[in-house]
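>>> Give me coordinates for this.
(chains A and B)
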2 protein chains.
Amino acid sequence: MSGIVYLVGAGPGATDLLTLRAARLLESADIVFYDALVPDEVLLLSRNSIKFKVGKRSGRHSTAQNFINKRLADAARKHQVVVRLKGGDPMLFGRAHEEIAYLKEQRIRVEIVPGVTAALAAAAELGVSLTRRGLSRSVVFLTPRAGAGERPNEWARAALAADTVAIYMGAGEAGEISRALIAAGKPAATPAVIIENASLPERRAFHGVLAELERTAARSSGGPVLILLGEVYREAAASQIIAPWPNEHSSSLPMARAIRTGRARSSSS
Amino acid sequence: MSGIVYLVGAGPGATDLLTLRAARLLESADIVFYDALVPDEVLLLSRNSIKFKVGKRSGRHSTAQNFINKRLADAARKHQVVVRLKGGDPMLFGRAHEEIAYLKEQRIRVEIVPGVTAALAAAAELGVSLTRRGLSRSVVFLTPRAGAGERPNEWARAALAADTVAIYMGAGEAGEISRALIAAGKPAATPAVIIENASLPERRAFHGVLAELERTAARSSGGPVLILLGEVYREAAASQIIAPWPNEHSSSLPMARAIRTGRARSSSS
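From the prediction side, this is the model:
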């Protein structure tokens, strides 16, 4: 009888934004396969497991999905608790479908543990709600990034119709995104915020408008980036930098302190 | 000097889907104001705080938002750690904007702690990713519910343009939603899933198509409901009921057990 593979959302990056369920699964995991974007501090929660980086980071070296699928299945045949740790939430741009489908086909049990997705962490830090009565009743999460052989999609139409837009994995294409949306009819003056490293100490926010998205994105320094668009950001445009987190209160919480003083033991594949 | 008001996402309902940060803030809170939808088990994490229910539950008795705002400000003038606990994530349909704006005006410091929103918990339990390569690259989260004096919004257009749709607070209006979307051009045969009580032991999933949404919704029994639409649900339509969670593995985790055997001490306002 094989073990269970848990696809676990690691959240946006800050260790204390993991769920209690995710933290407990990491503690009890026999083996952990993690993405490149999962910070070392998160892996500290899983002191006794074997750890493998199988990260796909957009535009960099990536382990083929088929190879990851096979490794998960092999691990479940040897171990009881296999954790596949993914940045953010596994069911939003996490390519969970491929892994779930393969493991089910292999008759291996899969459970999914949801996580805090980057757009929610970014909204929390900006202090600007994604929805607002009378101004925004719909939020679309989308990516313009297409895999090889994928149908041309209608992401621009979805971005046009929703009140607030969160664009994942669009950092390298800010210019194209801006031009495509303006051509499709989105006002050039739509307020835009680019959030880099949401939830991490080195996070930053850059405010601008849709027409200047490429220039605004160029100010970021290579961390994971989220693009937010919509009228809800009009007032927030004044503040250029997000206040540091954790603040005095949360940094005194014992858990956060314990994690910061530790060291990750992890091996890469 | 006044304390800090933390707007904290309680997650979808299961206690162990709170973030570590949320759990620690609940532990150290002096006073907690919570929504009607936050389960008693979550409040157990905040044993030593004063607790007040200020819940707005759609269609039922609701405490006016202005009154909640004032109570939060008053609490911050007396206490160091004030927690405003909201179901799901505070920045998605949580009316956080009103509270943040009021507290900032009163020069009271506000921090927001993101949470796992219901759609992510529902996706995890269904085992169906909201996004999928070649099939869904955009997900819209929306509500058709309009407050008094709100502009007529274009939720149907947003639902039409996105690949996957998650409709919050639409349970009582499933018939209207179905008719409006079909009239706007969404195919009547679009796969639909209605999830009731996502992440809780009593959760259920009802599968159907957009044209039968009203009939499908009528099978739910009054718990909070999320409507999911999109091609990603086509294959999942076979399974009618979600498998129970927590499973054998997670139910043996000490935290989950401790919480289940406890009792909430909470006072209502």
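>>> A:E235: neighbour count?
Counted with other C-beta atoms under 10 Å in any protein chain shown, residues neighbouring A:E235 total 11. Using the backbone N, CA and C atoms, a C-beta is placed for each residue, glycine as well.
>>> Spatially nearest residue to it (excluding sequence neighbours)?
A:V128 (7.9 Å; C-beta to C-beta, 6 or more residues apart in numbering or on different chains).
>>> The one you found and A:A122: what is the separation?
A:V128 sits 9 Å away from A:A122, going by C-beta to C-beta, to the nearest Å.
>>> Settle it for me: which of the two has more neighbours?
A:A122 (29 against 26).
>>> That one touches A:N197, doesn't it?
No - in this structure A:A122 lies outside contact range of A:N197 using C-beta atoms under 8 Å: 9.9 Å.
>>> Could you list the alpha-carbon positions for stretch A:133-142 in PDB?
This file holds the C-alpha atoms of stretch A:133-142, laid out as PDB (Å, rounded to 0.1, in the frame of the first residue of the first chain):
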ATOM      1  CA  ARG A 133     -18.700  48.200  -2.500                       C
ATOM      2  CA  GLY A 134     -19.700  50.400  -5.400                       C
ATOM      3  CA  LEU A 135     -16.400  50.100  -7.100                       C
ATOM      4  CA  SER A 136     -15.300  46.500  -7.500                       C
ATOM      5  CA  ARG A 137     -17.400  43.300  -7.300                       C
ATOM      6  CA  SER A 138     -15.200  41.100  -9.400                       C
ATOM      7  CA  VAL A 139     -11.500  40.200  -9.400                       C
ATOM      8  CA  VAL A 140      -9.800  38.200 -12.100                       C
ATOM      9  CA  PHE A 141      -6.600  36.200 -11.400                       C
ATOM     10  CA  LEU A 142      -4.900  35.500 -14.700                       C
END
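>>> List the buried residues in it.
Using 16 or more other C-beta atoms under 10 Å in any protein chain shown as the test for burial, stretch A:133-142 gives A:133, A:135-142.
>>> Show only the entries of these found in strands.
Counting by DSSP state E, the buried residues of stretch A:133-142 place A:138-142 in strands.
>>> Just send those residues back as a markdown table, with distance to A:A75 too.
As requested, these are exported to a markdown table (distance: C-beta to C-beta, whole Å):
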| residue | distance to A:A75 |
| --- | --- |
| A:S138 | 40 |
| A:V139 | 36 |
| A:V140 | 35 |
| A:F141 | 30 |
| A:L142 | 32 |
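>>> can you give me the strands for chain A?
A:4-9, A:31-34, A:50-53, A:81-86, A:109-113, A:138-142, A:164-168, A:191-196, A:204-209, A:225-230.
>>> what's the least confident stretch among the ones you listed?
Ranked by mean pLDDT, the strands of chain A bottom out at strand A:204-209, which scores a mean of 92.
>>> ok, back up a step: return the closest of the ones in strands among the buried residues of stretch A:133-142 with respect to B:A75.
A:V139 (29.5 Å; C-beta to C-beta).
>>> and the gap between that closest one and chain B?
5 Å (C-beta to the nearest C-beta, to the nearest Å).
>>> how near is A:G87 to B:T15?
From A:G87 to B:T15 the distance is 24 Å (C-beta to C-beta).
>>> actually A:S46, not the one I typed
Counting by C-beta to C-beta, the gap from A:S46 to B:T15 is 21 Å.
>>> wait, does the lengthiest helix in chain A make contact with chain B?
Secondary structure of chain A per DSSP state H: the longest helix is helix A:65-78. No - on the criterion C-beta under 8 Å from any C-beta of the partner chain, helix A:65-78 is out of touch with chain B, staying 9.2 Å away.
>>> Averaged pLDDT, that helix. What do you get?
95.
>>> Show me what counts as buried in it.
A:65, A:68-69, A:71-73, A:75-76.
>>> next one: stretch A:213-231
Counting neighbours by 16+ other C-beta under 10 Å, stretch A:213-231 gives A:213, A:216-217, A:220, A:223-230 as buried.
>>> picking that back up, give me the common contacts of A:V128 and A:A122.
The contact sets of A:V128 and A:A122 overlap at A:V193 (C-beta atoms under 8 Å, 6 or more residues apart in numbering or on different chains).
>>> so how far is A:L72 from A:E105?
Distance, A:E105 to A:L72, using C-beta to C-beta: 12 Å.
>>> Residue nearest the middle of chain A, spatially speaking?
A:G88 (3.6 Å; C-alpha atoms, centre = their mean).
>>> quick one, what contacts that residue?
Counting by C-beta under 8 Å, 6+ apart, A:G88 has contacts A:9-12, A:94, A:115-118.
>>> Adding neighbour count and distance to A:A171, write those out as TSV.
Compiled in TSV, these are given as follows (neighbours: other C-beta atoms under 10 Å in any protein chain shown; distance: C-beta to C-beta, whole Å):
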residue	neighbour count	distance to A:A171
A:G9	30	21
A:A10	29	19
A:G11	33	19
A:P12	31	15
A:G94	23	18
A:G115	32	21
A:V116	35	20
A:T117	31	16
A:A118	28	12
